[in-house]
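Chemist: Here is a sequence together with a model predicted from it:
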Amino acid sequence: MRMPGLETAETIADALAARARSHPGRLALAVARKGRWRGGRYDEVSLAELEHDADTFAAVFANHGIRRGMRTVLMITPGREFCAAIFALLKLGAPPVFIDPGIGLGNVGSCIRNAMPTAFIGIRKAQMARRVFGWGRDSIRISLTVESLPRDGSGPMAVDRREFPRVSHPGDTPEDQGIAAIAFTSGSTGPPKAVVFDHQNLLAQADLLGELSGTYAGEPHLATFPLFLLFAPVLGIAAIVPDMDTSKPAAADPLRLIAAIDDYRCRSAFASPALVCRLGAYCRETNRKLPSMERVLSAGAPSDPNALATLAAAIAPGGEIFTPYGATEALPVSNLSSREILTETSHKTRRGAGVCVGRPLRGMTASIIPIGDSSIHDWSEVSPLPRHEIGEITVSGGVVSRQYFNNPEATRHSKITCRVTGLLYHRMGDVGYLDDLGRLWMCGRKSHRVVTPKRVHFTVPAEGVFNFHKEVARTALVGVTCRESTVPVLCVELAARKSAKARKRIAGELRALGANFEHTRDIRYFLYHRSFPVDARHNSKIRREDLAVWAKRRIGTHNLEVKEE
């Protein structure tokens, strides 16, 4: 059964309209004005106003030629216009295409080429970049500038009337009209892929996110992740958007986050692991408490138990941090509380068990299948592995997307259908196992496993042993090919700068730690790196592919030794 407010909705836009009718004056979002974070600094929007904005934008978009089935890129700063434009496009049946600008200009251009959008709606800065870099010149025919869009149906509108070449365009065909939205993967393990969502996927996501929000639906929520604005209004959650660059969460100013929390007495929040670490560290260093905050959701990468404990000590007594697991193609899948992590599972993580990501949520199933790189045509070809055996994580449920756009090969590789049950399974690209309590444990990306003549090393179980060294911030295991053989190399990011003598001592201590466990015993080579490269979206996932290239360059092909960048 769906959450209240979603029972009869056929689309997310229907759910917003129903919320606006039942609670017109309820706060939908409050957006901090940039650079003004002390007094009179928010633009507040009620549910009725947001629904009115969405209707107005839908009329404006339609007047300028945006029709059902037309994929439309949105490059708008998270806030009132961003939220209204999303729902306007959903009302029209024109799939919004979400591209995170933080992935880099080259990747943005690649994503636009992949999505083949008909329309582009963006802020002036995005429009300038589109023209300079030629984004979508082969497909885009309609271009609207956000700053000139009216909210009341009147006023000037900046419309790019440039003649675009008219091409045969899949977005204009009836068979393409089942697409509700397209979002791109973070690209942390390869080129970003365009994930297709239908309306049932979005409703299922809203349903499970509402379940994760628990009794805090209807309460102020600190929203630091842009796409949460797609779901917050339909759940009745007041999204408080702080003054921050959402594409760089690790650089957010804790004072401005705390100002937003205090101003609205936010009871819940979303924070990437990098943001959990930054906010928790600030609270610890300044002895600052967040008494209104009772629930924090942290997703995007495995969370550091020390960072969870630090932030948990700052929020309200009895409050918890939850770490939902998922991917762009299937989110959320499972969930685990900081209490369970800190009292039980983190102790197993430091002994190489991997990271526990919790029990599958209502309506979701997780199965472990043998690791392989070939496509699987039907679930009948699969023999799921027993408990505690590491394999490839596959999931099924309403949030699972059915395909990638314009990428049939990736779809064939990642999706498994079951002719008998009609279920669709998604291969998460992660390896892991199920324990006796039905909890899912994640052991790293399938593509990151290091295969040596002696054994297969899985990244997360190996790194878990070394990450608990008190002078280590984090580690990353990579494989380096030397003399036609692959050896495991541990890249180490220290918590603070150290002398050469101290680094040598720490390397010896890490070797001694690794010698205690069979799965880390043959990791003998360590490289110090000042700051790991991370994904653009959450600033949390380590880009191990980049580190592997760096490690190979630093080590060379013949002599392995401890070095620092």
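Modeler: All right, it came through fine.

Chemist: max-length helix in this protein?
Modeler: Criterion DSSP state H: the longest helix present in the chain is helix 47-63.

Chemist: Buried residues of it, list them for me.
Modeler: For helix 47-63, the neighbour count (16 or more other C-beta atoms under 10 Å) marks 47-58, 60-61 as buried. (C-beta placed from N, C-alpha, C; glycine too.)

Chemist: Let's have those in a markdown table, adding pLDDT and distance to Lys541.
Modeler: Below are the buried residues of helix 47-63 laid out as a markdown table (pLDDT from 0 to 100; distance: C-beta to C-beta, whole Å):
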| residue | pLDDT | distance to Lys541 |
| --- | --- | --- |
| Leu47 | 96 | 34 |
| Ala48 | 97 | 39 |
| Glu49 | 96 | 37 |
| Leu50 | 97 | 32 |
| Glu51 | 97 | 36 |
| His52 | 95 | 39 |
| Asp53 | 95 | 34 |
| Ala54 | 96 | 33 |
| Asp55 | 95 | 38 |
| Thr56 | 94 | 38 |
| Phe57 | 95 | 34 |
| Ala58 | 95 | 36 |
| Val60 | 94 | 38 |
| Phe61 | 96 | 34 |
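
Chemist: quick check, Asp243 in a strand?
Modeler: No - note on Asp243: no strand contains this position according to DSSP: H, G, I helix; E, B strand; the rest coil, which reports coil.

Chemist: Run through the bridge partners of the residue lying closest to it once chain neighbours are set aside.
Modeler: Ranked by C-beta to C-beta, 6 or more residues apart in numbering and with sequence neighbours excluded, the top spatial neighbour of Asp243 is Ala32, at 4.0 Å. Bridge pairing for Ala32 (DSSP bridges) gives the partners Tyr42.

Chemist: Residues touching the longest helix of the chain, excluding its own?
Modeler: Where contact means C-beta atoms under 8 Å, 6 or more residues apart in numbering, the residues beyond helix 47-63 that reach it are 13, 16-17, 19-20, 23-29, 45, 72, 80-81, 83-85, 87-89, 91-92, 94, 119, 121, 144, 149-153, 157, 233, 236.

Chemist: Narrow these to those in helices?
Modeler: For those, membership in helices holds for 13, 16-17, 19-20, 80-81, 83-85, 87-89, 91-92, 233, with DSSP H as the criterion.

Chemist: Separate out the buried members of those.
Modeler: The neighbour-count test (16+ other C-beta under 10 Å) applied to the ones in helices among the contacts of helix 47-63 identifies 13, 16-17, 19-20, 80-81, 83-85, 87-89, 91-92, 233 as buried.

Chemist: who's in contact with Val355?
Modeler: The contact partners of Val355, taken as C-beta under 8 Å, 6+ apart, are Pro302, Thr345, Thr349, Trp441, Met442, Cys443, Val460, Gly464.

Chemist: Pull out the buried positions in stretch 18-25.
Modeler: Within stretch 18-25, judged by 16+ other C-beta under 10 Å, the buried ones are Ala18, Arg19, Ala20, His23.

Chemist: Correction: the previous question concerned stretch 206-223.
Modeler: Of the residues in stretch 206-223, those buried by neighbour count under the rule 16+ other C-beta under 10 Å are 206-213, 216-217, 219-223.

Chemist: Give the residue spans of the stretch 51-200 of the chain that score low on pLDDT.
Modeler: Residue ranges of the stretch 51-200 of the chain with pLDDT under 70: 151-177, 188-189.

Chemist: 80 instead?
Modeler: Across the stretch 51-200 of the chain, residues meeting the criterion (pLDDT under 80) sit at 102, 149-178, 186-190.

Chemist: what does the chain give?
Modeler: Low-confidence segments of the chain, defined by pLDDT under 80: 1-7, 34-40, 102, 149-178, 186-190, 214-218, 482-484, 536-539, 556-565.

Chemist: Grab the nearest non-local neighbour of the one residue sitting closest to the centre of it.
Modeler: Among the residues of the chain, Gly300 comes closest to the average C-alpha position under C-alpha atoms, centre = their mean, at 4.5 Å. Counting by C-beta to C-beta, 6+ apart, the nearest residue to Gly300 once its immediate chain neighbours are dropped is His538, at 3.1 Å.
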